[in-house]
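*Asks:* here are the coordinates; sequence isn't available:
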């Protein structure tokens, strides 16, 4: 059946994804991964079907309970009849795809639920950043009429900031006893968080984490302006499902606030702009890579060595010839 | 007198540099540093006057005696009547210019010698690499009719490999008791060295360092081919000037070998090619930076958000419009 992969009709796949067919969703995400030759075709077919989903980023240090929180959030959102997508992005993993055992196991509660789409993605972006496929996978889940897409990522380095730039709503998870107070200030998560969740709230120190966060919020910043969104601090015990309803409520409240204040449209415009810019820059790089070792470059180098021209003039000519 | 800086005639400066005027040389290097607006003008004026100097890179770990070796090499080359340029590149320093006290002191033997040009440069390249000004400074010293230009750099990270790519002849300095045997294998210096110098050869372990090098050479690689250059291993005690004549002889022998085998022309062509490529890529990046936040990008983003187009199509249009 390998041959049929090539002849797949993208428009038909998009239609099937919109109808909620999990296999079509998985197939489309595969097509946008790895810079497949059909990436552009898929992107074009998805374009008219976006803008529905609320993209919710979930980030936090290892051990705060991201996977568990994601899983109970899915359950709570499903209970409200919402269609949910989950994109688990692991910036430290070179592996991608839907077949990661870990995700299958932890998400097995939802494995038979046809209102949930779950996908693991590695980050394979250049320069250590998130893979360019992540925004495209979001578009697939959006086109598949997900109401909420949860993007879960380990809070490592730049990844959490990048997730925030992709999300409509960013949830930062913390837990007591992890030195998160300091970590919060360091990583600039105050700037990216729309909602704080203090998980493992049954443990000692949870109140202290919440107090630290409130104190840092009181120091001002963008949230002190009138009409500004002040990120709520929600306590949960995800392993027992406690407090998850409050997180769901906070997500809905944030969506509502963004709508009323024109923030949603603004965030999406900014996100589209950086996405376009990144793709365009990648394209320019690729075109330029074809110059390397080319006859034009060799000829220019020979002229520079002969003293007939200087490297700046030669470079300018090369750029013009692109 | 600050005003006269602006009205300086580049062609005249190049003529004065060719005549051996140290101030003109220093001034030209200043003009090619910091991506000055006159960089291109200087590069164009230098173009016809290159190809004379043998560029000799000197690299090695901190403490092997690079500064001392450079200084005694200058003395030895001067004794042969050669005009010598020295470029001390410090990839860890944010400072550049000719006024670094350290260099002045250690090079004070040559301070009154008008056949020697000494310059310190910081590495301020993007992405941690060597500054783009380094090859241009080499061109200035070349145009100033230096017979040999010594480029000295601390062997840190990529810098030594980059120096090797700029040099006609690369000298790797080692010293006993510094774990250089392991370091040599690690850093791939076997690949970049044209000449090995084991300095501090009066110390215990010098013979072992030389033996280790010979052993590694015997393991093959490019040097085992017929007619290939087999990097000599020269022992020195730079602080007493011992063995420096053998280094000078090895430098001359390598120049001769490169000439006879067409390697010099090939290295210079390759060097010019990567230089042109780097400049051109920088230019493309700069042009592209002007897109960021532009009206064209904003309009494209709005169309993507509205579902009228997809980000790949929008990016393609932006690239075409460059």
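*Replies:* Okay, I see it. Only a predicted model underlies this, so the values are computations on that prediction, with no experimental measurement involved. Numbering: from 1, shown residues only, chains lettered A, B, ... in the order given.

*Asks:* quick one: residues contacting the closest residue to chain B within the stretch 101-250 of chain A.
*Replies:* For the stretch 101-250 of chain A and chain B, the shortest gap (Cβ to the nearest Cβ) falls at residue A:135, measuring 7.6 Å. For the C-beta atoms, the positions are set from N, CA and C on the backbone; glycine is no exception. Residue A:135 sits next to A:166, A:271, A:275, B:311 when contact means Cβ atoms under 8 Å, 6 or more residues apart in numbering or on different chains.

*Asks:* residue B:194: which of those is nearest?
*Replies:* residue A:275 (47.4 Å; Cβ to Cβ).

*Asks:* surely the closest one touches residue B:311?
*Replies:* Yes - counting by Cβ atoms under 8 Å, residue B:311 is a contact partner of residue A:275 at 4.8 Å.

*Asks:* overlap in contacts, the two.
*Replies:* By Cβ under 8 Å, 6+ apart, the residues touching both residue A:275 and residue B:311 are A:135, B:304.

*Asks:* more crowded one of the two?
*Replies:* Neighbour count, other Cβ atoms under 10 Å in any protein chain shown: between residue A:275 and residue B:311, residue B:311 has more, with 30 against 25.

*Asks:* and residue A:258, what is it in contact with?
*Replies:* Listed by Cβ under 8 Å, 6+ apart, the contact set of residue A:258 reads A:168, A:169, A:229, A:264, A:267.

*Asks:* ah, wrong one, I meant residue A:210
*Replies:* Here residue A:210 is in contact with A:198, A:233, A:235 (Cβ under 8 Å, 6+ apart).

*Asks:* please repeat the previous calculation with a cut-off of 6 Å.
*Replies:* Listed by Cβ atoms under 6 Å, 6 or more residues apart in numbering or on different chains, the contact set of residue A:210 reads A:198, A:233.

*Asks:* quick check, residue A:171 in a helix?
*Replies:* No - using DSSP: H, G, I helix; E, B strand; the rest coil, the assignment for residue A:171 is strand, not a helix.

*Asks:* would you map the strands across the stretch 1-150 of chain A?
*Replies:* Per DSSP state E, counting those that start in this stretch, the stretch 1-150 of chain A carries strands over the ranges A:54-60, A:84-90, A:116-122, A:148-154.

*Asks:* low pLDDT regions in the stretch 1-150 of chain A?
*Replies:* The model of the stretch 1-150 of chain A has pLDDT under 70 over residues A:1-7, A:34-36, A:90-112, A:122-131.

*Asks:* go on, the stretch 151-300 of chain A?
*Replies:* The model of the stretch 151-300 of chain A has pLDDT under 70 over residues A:154-161, A:179-188, A:220-226, A:292-293.

*Asks:* how about 80 then?
*Replies:* For the stretch 151-300 of chain A, applying pLDDT under 80 flags the ranges A:154-164, A:178-191, A:218-227, A:281-293.

*Asks:* quick one: name the residues of it near chain B.
*Replies:* A:268-269, A:272-273, A:275-276, A:279-281, A:283-284, A:288, A:297, A:300 (Cβ under 6 Å from any Cβ of the partner chain).

*Asks:* let's have the residues you listed in CSV, adding secondary structure.
*Replies:* Putting these into CSV (three-state DSSP) gives the following:
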residue, secondary structure
A:268, helix
A:269, helix
A:272, helix
A:273, helix
A:275, helix
A:276, helix
A:279, helix
A:280, helix
A:281, helix
A:283, helix
A:284, helix
A:288, helix
A:297, helix
A:300, helix
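
*Asks:* top of those residues by neighbour count?
*Replies:* Ranking those using other Cβ under 10 Å puts residue A:276 first, with 28 neighbours.

*Asks:* in this structure that residue contacts residue B:312, no?
*Replies:* No - applying Cβ atoms under 6 Å as the test, residue A:276 and residue B:312 come out as separate, 8.6 Å apart.

*Asks:* show me where the stretch 51-200 of chain A has helices.
*Replies:* Assigned by DSSP state H, counting those that start in this stretch, the stretch 51-200 of chain A shows helices spanning A:66-79, A:101-106, A:133-143, A:159-166, A:180-187, A:189-192.

*Asks:* give the buried residues for the shortest one.
*Replies:* Of all the residues in helix A:189-192, those buried under the rule 16 or more other Cβ atoms under 10 Å in any protein chain shown are A:189, A:190, A:192.

*Asks:* nearest to residue B:249, of the contacts of residue A:135?
*Replies:* Checking these against residue B:249 with Cβ to Cβ, the nearest one is residue A:275 at 59.9 Å.

*Asks:* before we move on, the earlier item: would CSV of the strands of the stretch 1-150 of chain A with distance to residue B:151 be doable?
*Replies:* Putting those into CSV (distance: least, Cβ to Cβ, whole Å) gives the following:
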stretch, distance to residue B:151
strand A:54-60, 45
strand A:84-90, 43
strand A:116-122, 41
strand A:148-154, 43
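
*Asks:* neighbours around the closest residue to residue A:280 other than its chain neighbours, how many?
*Replies:* Nearest residue to residue A:280 in three dimensions, chain neighbours excluded: residue B:315, at 3.9 Å (Cβ to Cβ, 6 or more residues apart in numbering or on different chains). Residues near residue B:315, counting by other Cβ under 10 Å, number 26.

*Asks:* you'd agree residue B:315 is up against residue A:275?
*Replies:* No - Residue B:315 is beyond contact range of residue A:275, at 8.3 Å (criterion: Cβ under 6 Å).

*Asks:* helix or strand for residue A:231, which one?
*Replies:* Assigned by DSSP states H and E, residue A:231 belongs to no helix or strand.

*Asks:* and it, backbone torsions?
*Replies:* When quoted as degrees, to the nearest 10, the phi and psi of residue A:231 stand at phi -60, psi 120.

*Asks:* ok, back up a step: so can I have JSON lines of the strands of the stretch 1-150 of chain A showing distance to residue B:89 and mean neighbour count?
*Replies:* Output for the strands of the stretch 1-150 of chain A, formatted as JSON lines (distance: least, Cβ to Cβ, whole Å; neighbours: other Cβ atoms under 10 Å in any protein chain shown):
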{"stretch": "strand A:54-60", "distance to residue B:89": "41", "mean neighbour count": "26"}
{"stretch": "strand A:84-90", "distance to residue B:89": "39", "mean neighbour count": "25"}
{"stretch": "strand A:116-122", "distance to residue B:89": "38", "mean neighbour count": "23"}
{"stretch": "strand A:148-154", "distance to residue B:89": "39", "mean neighbour count": "26"}
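
*Asks:* out of the ones you listed, which gets nearest to residue B:54?
*Replies:* In terms of Cβ to Cβ, the element of those nearest to residue B:54 is strand A:116-122, at 48.0 Å.

*Asks:* the closest one to strand A:148-154, inter-axis angle?
*Replies:* Interaxial angle of strand A:116-122 relative to strand A:148-154 (axes from the mean of the first three to the mean of the last three Cα atoms, to 10 degrees): 30 degrees.

*Asks:* strand A:116-122 - contacts with which helices or strands?
*Replies:* For strand A:116-122, the packing partners by 3 or more Cβ pairs under 6 Å, 6 or more residues apart in numbering or on different chains; DSSP states H and E come out as strand A:84-90.
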